[in-house]
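A.B. asks: Sharing a sequence plus its predicted fold:
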There are 2 protein chains.
Amino acid sequence: MATEDLIERILAAGDEPSASVIDALHELLDDTTIETSATPKSVAEAARLIGLSPHTLRYYEQEGLVRPARNASGYREYSAFDLRRLIFLTRMRLSGMTMQDLKRYIALVEQGPSTIPERRRIMLDQRDRIVRQIRELTLALETTEYKIRVYDGHPEG
Amino acid sequence: MATEDLIERILAAGDEPSASVIDALHELLDDTTIETSATPKSVAEAARLIGLSPHTLRYYEQEGLVRPARNASGYREYSAFDLRRLIFLTRMRLSGMTMQDLKRYIALVEQGPSTIPERRRIMLDQRDRIVRQIRELTLALETTEYKIRVYDGHPEG
DNA sequence: GCTTGCCTTCGAGCGCGCTCGAAAGTCTAT
DNA sequence: ATAGACTTTCGAGCGCGCTCGAAGGCAAGC
């Protein structure tokens, strides 16, 4: 319950989250942290929360990235665990991890702790990619801001 | 000549360029700065310099993003101006600008100074997108580093 | 003059990550 | 009991940004 609120607050917050919120988020994203209470979400609710389409959520399931339970009618029920997984997935996707790598990683997660060394290597690679991307983006930002300054009449040069 | 060397040095440098190098780069990327000397590059040479394939360079030309001259045999000749344009294009592409937006922007550039207000707005939007992306990447980096710490036995918690 | 290797144009194909629509089942309200 | 808004599965389609291969021209060396 408190977890869901936190997720919603974090998702809603456009600004920089505080350090404590980030720590809380990391705990939330840790697959070993399982929220026991909280009612499961339908595919539409989960999609709204995460910011993806129901179609995409079904596609992710089909690709083995998430395994929501089903109710008596066969409807998907996304638990807090599933939602945390989805948040993780979107973070990785947004940072440029390919579906293929993500599928590989999740498959390893589902195989248990013996796969931790390979998971760790994947995350190390991912970290390098992210750092490289941030470097590229920083250069692009400088170029863009230079153009803006020029268009503004380069008041300082 | 010095310009080409500089471009090559910048392209070769993996590390953070110094502030003065960045300034020099911005000047190089400014379309109004035209290098008069320097021999033009073939499509293969230009591709190697910029880090794209010859196929992609031809594709960019087809899309109107760059207009290399042709020699007597119809071969493309990429001038320093064209190379600067290509560096700019790759920066914008790498920072997530779509081909559509880039085509629009370049079309405006070729129409002359009267289009500066719209170009400026495009660059402002692009800046916002880059800043947002950097924020997303920073979050993903934190998540990734958290995972790594956990896999390393979370020595600090 | 022939080979080698680069260049040209053209149009088709491809990998990624969704995205959609059809056809049918389920739940709720009236 | 009927409407309307959800849900399911399935397979096809799509937009983006290349990427490739075929068919042929040009330049230089043997």
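C.D. replies: Thanks, I have the structure now.
A.B. asks: ok, the one helix or strand A:Glu110 maps to near DNA strand C or not?
C.D. replies: In the assignment (DSSP states H and E), A:Glu110 maps to helix A:99-111. Yes - looking at helix A:99-111 against DNA strand C by C-beta under 7 Å from any atom of the strand, the contacts come from A:99-100. (C-beta placed from N, C-alpha, C; glycine too.)
A.B. asks: From the chain's centroid, how far away is that helix?
C.D. replies: With C-alpha atoms, centre = their mean, to the nearest Å as the basis, the distance from the averaged C-alpha position of helix A:99-111 to the chain average is 14 Å.
A.B. asks: now swap in stretch A:71-91 and tell me
C.D. replies: Taking mean C-alpha positions (C-alpha atoms, centre = their mean), stretch A:71-91 and its chain are 13 Å apart.
A.B. asks: mind listing what's buried in that stretch?
C.D. replies: Taking 16 or more other C-beta atoms under 10 Å in any protein chain shown as the basis for neighbour counts, the residues of stretch A:71-91 that come out buried are A:76, A:78-91.
A.B. asks: Could you confirm whether the longest helix anywhere in chain A reaches DNA strand C?
C.D. replies: Across chain A, the longest stretch assigned as helix under DSSP state H is helix A:116-151. No - Helix A:116-151 stays out of contact with DNA strand C when judged by C-beta under 7 Å from any atom of the strand, the minimum separation being 12.2 Å.
A.B. asks: Let me know the average pLDDT across that helix.
C.D. replies: Along helix A:116-151, the predicted local confidence has a mean pLDDT of 96.
A.B. asks: check whether it contacts DNA strand D.
C.D. replies: No - looking at helix A:116-151 against DNA strand D by C-beta under 7 Å from any atom of the strand, there are no contacts, and the closest approach is 13.6 Å.
A.B. asks: With only the CA atoms kept, save the helix or strand hosting A:Leu57 in PDB.
C.D. replies: Following DSSP H and E, the helix or strand that holds A:Leu57 is helix A:54-62. Presented in PDB, the C-alpha positions along helix A:54-62 are these (Å, rounded to 0.1, in the frame of the first residue of the first chain):
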ATOM      1  CA  PRO A  54      -1.700  -2.600 -22.700                       C
ATOM      2  CA  HIS A  55      -0.500  -4.000 -26.100                       C
ATOM      3  CA  THR A  56       3.100  -3.500 -25.100                       C
ATOM      4  CA  LEU A  57       2.600  -5.100 -21.700                       C
ATOM      5  CA  ARG A  58       1.200  -8.200 -23.400                       C
ATOM      6  CA  TYR A  59       4.000  -8.100 -25.800                       C
ATOM      7  CA  TYR A  60       6.500  -8.000 -22.900                       C
ATOM      8  CA  GLU A  61       4.800 -11.000 -21.400                       C
ATOM      9  CA  GLN A  62       4.900 -12.900 -24.600                       C
END
